[in-house]
Every structure is written in structure tokens, then in C-alpha cells.
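Trainee: this one's structure only:
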């Protein structure tokens, strides 16, 4: 069972700030000063050579079931519109992101790539979405739930339910702590500046059941994808 005691707002702010700083540094391509024993880890060598991304990226599009002219919100989007097949999906892209560097990069380049589909990125955390009720056909959120405890994710689910249309689909991923990569990846992320929570997947399943239902899943090398309907 997950804890029903939700920490104070300040706890979220401090964690969000740490995650923001960690990714701002990566997007700016700043050097990370890590201990020699961490740099000796195979997972670090994969990260520094950019080979790790292919192993840990969740194929959200396989569960999102995009259709032409749908509105999709990507929470924690990074530079998603520049690296995934949004033009092929012909889906209107909206984003919300805490990394200032990623947000500015995407807002400056997204409309140049496709001004029709790219609708801009808002600044803000996942538990305070800056969009109106019943706006989106799809909401996706991958690669960042692991930086927060399940109690925080409960707030995110409530916000997603608010902005998603009644027949919409939410796709998110959660770190599977039982995978071979999980522990070493968590160690690497800690030294990069962001604590990773190795929360049992059962806690996420329980949270989703409180507000909706899981309609499909897909397991990867590090994360497990969930398709959710409310």
C-alpha cells in the first residue's frame, strides 16, 4: 500500500527544482563532475556515448493510438516535438515542461518545424497543468514519474483527468524496479543530481484504479508503459 500522507507543497517544490536543474544542465550540455567509481560503471559509459537512450525510451506512440487532428499534451516533454514523429501522426502538439532550457529550445524551433501542429510549451510542473478542462484527446507523460513518490503521481493523475476529454487516453510510464538496469540507473541519476524512487509498480496500479482504469500495458528494459482511460 502507498502512503496516504501527502507531503507539504514545499517538498514537491524542492524535488521539482532538483529535477529542473539536473535536466537544464544536460540540455545545456554542461559537464557533470562524477566520482571515478560512477564513471567506471557500464551504464555511465552507455549514457555518455548516448547509447542508453535507446534502451530506456518508452514507445508511447504504440499505446497512444494517435489520430489526425487530435490534441495531445506532452507533460515533461523536453524536446519531444523535434525528435519524435509528430508530423507523421498529424497530431496537434502541446507541451508542459519544467526545464527552462528545453522549453525555450522547443518554443523557438517547434513552429519552424511545423507551425500548424506545434502549439507551444507552457512552463510548469505536472501537478499544476496550465490548460482548461476537457481540452485534450491524448495526454502522454514519459521518463519522469520515477523522480517523484507515488503520492505526487496521484496529484498528476487528478490533473490529467481534468484536462483530458471523457473519451481520451492517458499514456505514462513508470520505472520497473525489478529490471536489470533499475538500480544502477538510479545510482547514476542520483549523481547527476536527481533522486530516483524505486517504487513498486503495484503502487502505480493502485493509484490508477482510484481514478480510472488501465486498458493496456507494455514492458520495456527500464520502464513500463500504461494506457489509461478515466
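Mentor: Looks like it arrived, so ask away. Please read all numbers here as calculations on a predicted model, not as lab measurements.
Trainee: Going by C-alpha atoms from here, please, whenever you check contacts or count neighbours.
Mentor: Fine.
Trainee: I'd say residue 97 and residue 104 touch.
Mentor: No - applying C-alpha atoms under 8 Å, one finds residue 97 not in contact with residue 104, separated by 9.8 Å.
Trainee: which of those two has more neighbours?
Mentor: Taking neighbours as other C-alpha atoms under 10 Å, residue 97 and residue 104 compare with residue 97 leading, 23 against 18.
Trainee: Residue 70 reaches residue 86, doesn't it?
Mentor: No - applying C-alpha under 8 Å, one finds residue 70 not in contact with residue 86, separated by 11.1 Å.
Trainee: quick one: common contacting residues for those two?
Mentor: residue 92 (C-alpha atoms under 8 Å, 6 or more residues apart in numbering).
Trainee: Quick one: the strands in the protein, in order.
Mentor: With strands called from DSSP state E, the chain shows them at 71-75, 92-97, 118-123, 136-141, 164-175, 213-219, 223-229.
Trainee: measure the residue nearest the centre of the chain to residue 75 for me?
Mentor: With distances taken as C-alpha atoms, centre = their mean, residue 142 lies nearest the centre of the chain, 3.1 Å away. As judged by C-alpha to C-alpha, to the nearest Å, residue 142 and residue 75 stand 8 Å apart.
Trainee: One more: residue 195?
Mentor: 19 Å.
Trainee: do the same with residue 17
Mentor: Using C-alpha to C-alpha, residue 17 is found at 16 Å from residue 75.
Trainee: helices or strands up against the helix ranked longest in the chain?
Mentor: Longest helix of the chain, by residue count under DSSP state H: helix 9-27. Packed against helix 9-27 by the contact rule (3 or more C-alpha pairs under 8 Å, 6 or more residues apart in numbering; DSSP states H and E) you find helix 100-113.
Trainee: Now the helix it packs on: buried residues?
Mentor: 100-104, 106-107, 110 (16 or more other C-alpha atoms under 10 Å).
Trainee: farthest pair in those residues?
Mentor: The span of the buried residues of helix 100-113, defined through C-alpha to C-alpha, is set by 100 and 110 at 15.0 Å.
Trainee: What lies in contact with stretch 150-165?
Mentor: With C-alpha under 8 Å, 6+ apart, stretch 150-165 has contacts from 2-6, 12, 126-129, 131-139, 145, 170, 199, 203-204, 207-208, 211, 230.
Trainee: Of the residues you listed, select the buried ones using a PyMOL command.
Mentor: To isolate the buried members of the contacts of stretch 150-165 in PyMOL, using 16+ other C-alpha under 10 Å:
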select buried, resi 12+126+127+129+131+135+136+137+138+139+145+170+199+203+204+207+208+230
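Trainee: In helices, which of the contacts of stretch 150-165 appear?
Mentor: Counting by DSSP H, the contacts of stretch 150-165 contribute 12, 203-204, 207-208, 211 to helices.
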